[in-house]
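K.L.:
sequence isn't available, so here's the structure alone:
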C-alpha cells in the first residue's frame, strides 16, 4: 500500500504528487490508483463528485507512470491507438456514442499489451450509458473505487486550494470557519468560494470571516 501523505494546507496550487492531500475520504482511492500492478485485468475506474480531486489524482498517477491522458469527449472514430503502456481517460460519461468503437479498440489494444487503463467519471461503470455491447460489458467489468464526501481535513484542504486557484490569500481560521459551516461536499466548497469572491469584488471588501458570516446568514434567511 502506498504511503500516507502528511496533511498540511497548501501554499501554492499544484497538481503534482506532493500536493495531493490524503485523508480518510480518499485514502483508499489513492492507495489503489498508486498500485496499478494490483488492478484486476489491468484497469481501474475512479469515480467521485465534481471537484473531488479525480483529475488531480489522475495527474499524480500519470506523473508516476508516464501515462498518456485523454479526455473521453475528445475521442473520435479516427482517434489513433496510443503507444503508451499506461493510459488515463477522463470523464468517461462524456464519451460520444459514435466514438465507442474507437474506445473499444483502445481498450483491447492496451489489454493485449498488458498495459494499464485508469478511467475517471462522476459515477461508477454500472451507470455509464454505453451503447456498444462489447464495450459496455468490458467497462462494467472494471473494478472501481470512489472518492467519498470530504472529512474536515480534506474539506479544509479543498477550500484552501480553491482560494489559491483564484489567487486569493485567506486566513486559515477562515477556512476552518467555513469547513464547519457549509455542507460537507466538494460542490458546496466550490460554491462558497465562488460566492465569496463575487461578493468581495462587488462590495470592494476583503474576504474574511465577517464577510463569510454575512453571506452564510443571507443564505439562512433565504431558506423557506
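P.N.:
In hand now; what should we look at? Owing to the predicted nature of the structure, the values given are computational and were not obtained by experimental measurement.

K.L.:
and residue 217, how many neighbours?
P.N.:
Applying other Cβ atoms under 10 Å, we find 10 residues neighbouring residue 217. From N, CA and C alone the C-beta is placed, and that goes for glycine too.

K.L.:
check the gap between it and residue 211 for me.
P.N.:
Relative to residue 211, residue 217 is positioned 11 Å away (Cβ to Cβ, to the nearest Å).

K.L.:
hmm, residue 29 is touching residue 44, no?
P.N.:
No: between residue 29 and residue 44 no contact is recorded; they are 9.4 Å apart, counting by Cβ atoms under 8 Å.

K.L.:
list residues touching both of these two?
P.N.:
Shared contacts of residue 29 and residue 44 (Cβ atoms under 8 Å, 6 or more residues apart in numbering): residue 145.

K.L.:
what packs against the helix or strand hosting residue 219?
P.N.:
Using DSSP states H and E, residue 219 sits in helix 209-222. Judged by 3 or more Cβ pairs under 8 Å, 6 or more residues apart in numbering; DSSP states H and E, helix 209-222 is in contact with helix 172-179, helix 186-203.

K.L.:
closest one to residue 148 among these?
P.N.:
For the helices and strands packed on helix 209-222, the distance to residue 148 is smallest for helix 186-203, at 10.3 Å, taking Cβ to Cβ.

K.L.:
buried stuff in that closest one?
P.N.:
Using 16 or more other Cβ atoms under 10 Å as the test for burial, helix 186-203 gives 186, 188, 189, 190, 191, 192, 193, 196, 199, 200.

K.L.:
want to try a markdown table for these, with distance to residue 146 and pLDDT as columns?
P.N.:
Formatted as a markdown table, those follow (distance: Cβ to Cβ, whole Å; pLDDT from 0 to 100):
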| residue | distance to residue 146 | pLDDT |
| --- | --- | --- |
| 186 | 12 | 85 |
| 188 | 18 | 91 |
| 189 | 18 | 91 |
| 190 | 18 | 89 |
| 191 | 21 | 92 |
| 192 | 23 | 94 |
| 193 | 23 | 94 |
| 196 | 28 | 94 |
| 199 | 33 | 91 |
| 200 | 34 | 92 |
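
K.L.:
which of those sit farthest apart?
P.N.:
Longest span within the buried residues of helix 186-203, Cβ to Cβ: 186 and 200, 21.6 Å.

K.L.:
please consider this matter closed, and thank you.
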